[in-house]
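> Got a predicted structure here, sequence first:
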Amino acid sequence: MKNVKLTIEYDGTNFSGWQKQPNGRTVQEEIEKALSELLKKEVKIYGSGRTDAGVHALGQVANFQDEFTIPVDRIPMALNGMLPQDISIRSAVEVNPSFHARYSAKGKKYIYKIFNSKVKSPLLRNYAYFVSDELDTVEMKRASINYVGEHDFRGFMASGSSVKNTVRTIYSFDVWLNDKMIIIETRGNGFLYNMVRIMIGTLVDIGRGRMKADDLPGIIKSGIRDRAGYTAPAQGLYLAEVYYVENINIP
């Protein structure tokens, strides 16, 4: 029985998210359908976590276990010829039998893009959050430092989550300006439901002057959702990378 780790890139615009569901097109369903056709049997894949409708991925990870004769390194080419244009398998490697894309993950990196301009760009509408108000990126950067470290982020979690432990560690949270594009990159050992998008919405409120950078430590400490900012739109969010321990690959 082989255990295969897939690294996946996709444009989330026309998906109802990652996870397979009764109604709506999903990334998981498209990959399972292609894999099942390739291997001539029903195959189930396990993702590192869900992404919502409209969220993109540069490095989503999934794994599946099965017996087959196709060389593992040929799987990306074979699958990419069968998958729709908005999904690509970047790599496939055989890993240890104990590896699980979700439960073996040690952390994730997300990128968020904000197009800060007076004039909207039709070409960016599905790939960045358009904000016409001039944002104070200096204050956004100053505020963002407060996200780094171990905190209880229950105030930055959308309702409907059943997670009981809301403490997470953020290793880095960087904000920089590239012409009119504000790029935000964060790494952490885990993220709650909509946590990154709420963190971004809070920073945008600070950039607009609706909140102060110095308010953020108190907002985090309060654990009250209504004190944090709004949930930023999905189209600006990218799952960039999933981190695992070393030596998961089969030698």
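Great, that's in hand. Numbering: from 1, shown residues only.
> Any idea how many residues pack against residue 141?
20 (other CB atoms under 10 Å). (Glycine included, C-beta is placed from N, CA and C.)
> Can you name every helix or strand that the helix or strand harbouring it contacts?
Using DSSP states H and E, residue 141 sits in helix 137-144. Counting contacts by 3 or more CB pairs under 8 Å, 6 or more residues apart in numbering; DSSP states H and E, helix 137-144 packs against strand 167-178, strand 181-188, helix 195-208.
> Helix or strand next in line after the last one, which one?
Moving toward the C-terminus from helix 195-208, the next helix or strand (DSSP H and E) is helix 216-222.
> packing partners for that following helix?
helix 195-208.
> Contacts for the helix it packs on, please.
110, 112, 114, 129, 131, 133, 135-137, 139-140, 143-144, 147, 153, 156-158, 168, 173, 175, 184, 186, 211-213, 215-216, 219, 225, 228-234, 236-237 (CB atoms under 8 Å, 6 or more residues apart in numbering).
> again, only using 6 Å
With contact meaning CB atoms under 6 Å, 6 or more residues apart in numbering, helix 195-208 is reached by 110, 112, 133, 135-136, 139-140, 143, 153, 156-157, 211, 213, 228-232.
> Just to be sure, residue 150 is in a strand?
Yes: when DSSP: H, G, I helix; E, B strand; the rest coil is applied, residue 150 is found to be in a strand.
> for it, what are its contacts?
Counting by CB under 6 Å, 6+ apart, residue 150 has contacts residue 169.
> which residues pair with it across the strands?
Listed by DSSP bridges, the beta-bridge partners for residue 150 are residue 169.
> Just want to check the distance between it and residue 171.
Per CB to CB, to the nearest Å, residue 150 is found 10 Å from residue 171.
> Now do the domain split for the protein, please.
What automatic domain parsing lists as the domains of the chain is 2-104, 107-240.
> TSV for these, including mean pLDDT?
Output for the domains of the chain, formatted as TSV (pLDDT from 0 to 100):
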stretch	mean pLDDT
domain 2-104	97
domain 107-240	97
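> so the helix holding residue 141 versus strand 167-178, what angle?
Between helix 137-144 and strand 167-178, the angle comes out at 170 degrees (axes from the mean of the first three to the mean of the last three CA atoms, to 10 degrees).
> What residues sit buried inside helix 137-144?
137, 139, 140, 141, 142, 143, 144 (16 or more other CB atoms under 10 Å).
> Repeat that for stretch 81-100.
Buried-residue list, stretch 81-100, by 16+ other CB under 10 Å: 83, 86, 87, 88, 89, 92, 93, 94, 95, 99, 100.
> So the fifth one belongs to a helix, correct?
This points to residue 89. No: counting by three-state DSSP, residue 89 is not part of a helix but strand.
> Could you verify my assumption that it touches residue 79?
Yes: Residue 89 is within contact range of residue 79, at 4.8 Å (criterion: CB atoms under 6 Å).
> follow-up on the earlier one: tell me the one of the buried residues of helix 137-144 nearest residue 62?
Of all those, residue 144 has the smallest distance to residue 62: 30.3 Å, by CB to CB.
> And that closest one, how far from residue 115?
Counting by CB to CB, the gap from residue 144 to residue 115 is 19 Å.
> Kindly report the same for residue 149.
In terms of CB to CB, residue 149 sits 29 Å off from residue 115.
> out of these two, which sits in the busier spot?
residue 115 (21 against 12).
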